[in-house]
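Peer 1: Quick one, fold the following:
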Amino acid sequence: MKICILGLDCCAPEIIFQDERLINIRRLMDAGVWGRLESVIPPITVPAWMCMSTSQDPGSLGVYGFRNRTDYSYSGLGFVNSASIRELAMWDQVAREGKRSILMGVPPNYPPRKINGISIGCFLTPDTTTDIFTHPPEFKKKLEELVGEYPVDVKGFRTDRKDWLRDQIFEMSRKHWTVVKWLLKEQEWEYFQYVDIGLDRVHHGFWDSWDKEHVLYEPGNPYESVIPDYYAWLDQQIGEVLELLDSDTLVLLVSDHGARRLDGGFAVNEWLIREGLLVLDEMPKEITSFNKLKVNWAKTKVWSEGGYYARVFLNVQGREPQGVIPQAQYEAFRDEIKKKFEAITDDKRQPMNSLVFKPQELYHHVRNVAPDLIVHFGGLAWRSIGSVGHGQLHVQENDTGPDACNHAQFGMFLLAAPNCPLRGEFEGAMLLDIAPTLLDLAGYDIPASMQGRSIVAGLEKKPPEGFGGDDKENIIRDRLAGLGYI
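Peer 2: Modelled structure (predicted):
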């Protein structure tokens, strides 16, 4: 059985499952199983898509965000790339049986993965005009024939130029889905996975224009329909994709995390300075990124990195070059700092109700250099701000420009397969369950290393109502009729 995964980065279940205009998605829901999908901690694009594809948690992958400490120095931060992920993914299992895969925009995919098939780089690709971002390399010419210059992202999407941003996102999406449909129709594949990054960019750019509970929402603003319009556009593309698939194809719509309103940013390093935990030789006179601060490491106990969430690091003797926290006191000190973070209040001096995690309590394994603590401010209602010089702890603008939403812990999934025994709404699915479930339904072995569980394990794999019958022509006709194409 073929596997076709259409990834919708940042897709919000409360939108996609409730908008009655999304007729193709409604019909897939009627024919399959669907529900909220609990993401990993932290729920961010990198590493979440690879957590899904490998069924490994972030600690086991040794990837905790877009940037990670490469060693215990104070400057050793490195960007994630495709080589950072070494665990077995679903497409590797497919390749073991000699079958071909197509990956398109699945982060991190730069440099492009050398798979048995076709691989197209993700938004981490620096420049598609100069860099090799496809495997095989010559496939870049075909992309240029199909759509001209191929965009992996909207450059500068954190902007107040909303008309420009909306148009750029839709233009990128048109090119992407043109390629998706060509690949599905013209290329040989048994496994196909695409991630639409446009939905994430739409949410970050326009959530405050759509969500009536957002602190910045203005009734009647000219961008109120951008988010629902993009969902309607995706629904149309999904319908056209379904028309290209045969009856022996498993279809999954899935997101790596959800979206939620962003109430503001919390200047975490500014707070650590006020608490006497982070010491500077000189306070900046303007807003300054952490890597440009003059930190007195001999007196500093705690500092933080991160964007959507905070990665908190302790300055430990014998571990960091100028560590000050004795190793024997490490756990007690970490507990003390955890309580301090949990006690932080919002801009109205009400409890922020932040979630503070120890990696060792979250993950099966803790590899590479993990944060000492992971903090979701206000349960992700607030974004972590690492820069210093704001003069206040609660701010609206983040480190990199305007941002209307944060990620939410729950994304979504919608699975339709001819032999899936489940139907209707399903509760309790987790991101790490996706890979074993798909491999189970498609008839592949599930690697013992995978940490999730197949949600159809132990159930009889038989066609549910709506997929029945032995006549494949009738199945195809019924499916297309149900989708309104005949």
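
Peer 1: So in the protein, where's the weakest helix or strand by average pLDDT?
Peer 2: Scoring the helices and strands of the chain by mean pLDDT, DSSP states H and E places helix 472-482 at the bottom, with a mean of 48.

Peer 1: Tabulate the CA atom coordinates of stretch 98-109 in PDB.
Peer 2: What follows is stretch 98-109, C-alpha atoms only, in PDB (Å, rounded to 0.1, in the frame of the first residue of the first chain):
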ATOM      1  CA  GLY A  98      13.600  -1.500  -2.500                       C
ATOM      2  CA  LYS A  99      10.800   1.000  -2.900                       C
ATOM      3  CA  ARG A 100      11.000   4.700  -3.800                       C
ATOM      4  CA  SER A 101      10.100   7.700  -1.800                       C
ATOM      5  CA  ILE A 102       9.600  11.400  -2.400                       C
ATOM      6  CA  LEU A 103      10.300  14.000   0.300                       C
ATOM      7  CA  MET A 104       9.400  17.600  -0.300                       C
ATOM      8  CA  GLY A 105      10.100  20.300   2.300                       C
ATOM      9  CA  VAL A 106      10.300  18.000   5.300                       C
ATOM     10  CA  PRO A 107      12.400  19.800   7.900                       C
ATOM     11  CA  PRO A 108      15.300  19.600   8.400                       C
ATOM     12  CA  ASN A 109      16.100  18.700   4.800                       C
END
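
Peer 1: Give me the distance from that stretch to the chain's centre.
Peer 2: Relative to the chain's own centre, stretch 98-109 is displaced by 16 Å; criterion: C-alpha atoms, centre = their mean, to the nearest Å.

Peer 1: How about stretch 147-158?
Peer 2: With C-alpha atoms, centre = their mean, you get 18 Å for stretch 147-158.

Peer 1: ok, residues contacting that stretch?
Peer 2: Under the contact criterion C-beta atoms under 8 Å, 6 or more residues apart in numbering, stretch 147-158 has outside partners 105, 120-125, 128-129, 133, 140, 143-144, 165, 168-169, 171-172, 175, 178-179, 197-198, 201, 204-205, 400-403. All C-beta spots, glycine's among them, are computed from the backbone N, C-alpha and C.

Peer 1: partner residues bridging residue 351?
Peer 2: residue 345 (DSSP bridges).

Peer 1: Tell me how many other residues surround it.
Peer 2: For residue 351, the count of nearby residues is 11 (other C-beta atoms under 10 Å).

Peer 1: And for residue 422?
Peer 2: 18.

Peer 1: okay but it is in contact with residue 455, surely?
Peer 2: Yes: with contact defined as C-beta atoms under 8 Å, residue 422 reaches residue 455; the gap is 6.8 Å.

Peer 1: hey, what's in contact with both of the two?
Peer 2: What both residue 422 and residue 455 touch, as defined by C-beta under 8 Å, 6+ apart, is the set residue 33.

Peer 1: related to what we said a few turns ago, from the contacts of stretch 147-158, which land in strands?
Peer 2: The strands, defined by DSSP state E, take in residue 120 from the contacts of stretch 147-158.

Peer 1: Now which of the contacts of stretch 147-158 would you call buried?
Peer 2: Buried members of the contacts of stretch 147-158, counted by 16 or more other C-beta atoms under 10 Å: 105, 120-125, 128, 133, 140, 143, 165, 168-169, 172, 175, 179, 197-198, 201, 204-205, 402-403.

Peer 1: Narrow those to those in helices?
Peer 2: Assigned to helices by DSSP state H, the following of the buried ones among the contacts of stretch 147-158 qualify: 140, 143, 165, 168, 169, 172, 175, 179, 198, 201, 204, 205.

Peer 1: separation between residue 313 and residue 46?
Peer 2: Residue 313 sits 19 Å away from residue 46, going by C-beta to C-beta, to the nearest Å.

Peer 1: Which one's more surrounded, these two?
Peer 2: residue 46 (27 against 22).

Peer 1: my guess is the more buried one meets residue 66, correct?
Peer 2: Yes: using C-beta under 8 Å, residue 46 is in contact with residue 66, at 5.2 Å.

Peer 1: got the contact list for the spatially closest residue to residue 179 that is not a sequence neighbour?
Peer 2: Spatially, and ignoring its direct neighbours in sequence, residue 179 is nearest to residue 146 (5.8 Å; C-beta to C-beta, 6 or more residues apart in numbering). Residues near residue 146 by C-beta under 8 Å, 6+ apart: 178, 179, 182.

Peer 1: quick one: secondary structure of residue 146?
Peer 2: helix (DSSP: H, G, I helix; E, B strand; the rest coil).

Peer 1: Distance check, it against residue 175.
Peer 2: Where residue 175 is concerned, residue 146 sits at a distance of 8 Å (C-beta to C-beta).

Peer 1: low pLDDT regions in this protein?
Peer 2: 398-400, 462-486 (pLDDT under 70).

Peer 1: How is it divided into domains?
Peer 2: Using automatic domain parsing, the domain parsing of the chain gives 2-262+408-482, 264-402.

Peer 1: Now do the strands in the stretch 151-300 of the chain.
Peer 2: 191-196, 249-254, 258-261, 264-267, 280-282, 294-295 (DSSP state E, counting those that start in this stretch).

Peer 1: name the helices or strands packed onto the last one?
Peer 2: In this case it means strand 294-295. strand 280-282 (3 or more C-beta pairs under 8 Å, 6 or more residues apart in numbering; DSSP states H and E).

Peer 1: The strand it packs on pairs with which strands?
Peer 2: In the sheet, strand 280-282 lines up with strand 294-295 (antiparallel) (DSSP bridges).

Peer 1: Run through who's touching stretch 73-89.
Peer 2: 46-47, 50, 53-54, 56, 60-63, 65-70, 108-113, 124, 291, 295, 297, 305, 320-321, 369, 435, 447, 449.

Peer 1: In strands, which of those fall?
Peer 2: 67, 68, 69, 295, 305.

Peer 1: Run through the residues that contact the second one.
Peer 2: Residue 68 sits next to 62, 77, 78, 80, 84, 368, 369 when contact means C-beta under 8 Å, 6+ apart.

Peer 1: Now do the phi/psi pair for the second one.
Peer 2: When you say that, I think you mean residue 77. phi -110, psi 130 (degrees, to the nearest 10).

Peer 1: of all the contacts of residue 146, which comes closest to residue 228?
Peer 2: residue 178 (22.6 Å; C-beta to C-beta).

Peer 1: Can you point out the helix or strand that includes residue 313?
Peer 2: strand 310-314 (DSSP states H and E).

Peer 1: neighbouring contacts of that strand?
Peer 2: Counting by C-beta under 8 Å, 6+ apart, 64-65, 69, 268, 301-305, 325, 330, 333-334, 337, 341, 371-375, 377, 384, 386 sit against strand 310-314.

Peer 1: just how off-centre is it within its chain?
Peer 2: For strand 310-314, the distance to the chain centre is 21 Å (C-alpha atoms, centre = their mean).

Peer 1: Now do the next helix or strand along the chain from it: everything it contacts.
Peer 2: Note on strand 310-314: by DSSP H and E, the next helix or strand toward the C-terminus is helix 330-342. Identification of contacts with helix 330-342 by C-beta under 8 Å, 6+ apart yields 275, 277, 301-302, 312, 314, 316, 325, 354, 356, 358, 372-373, 375.
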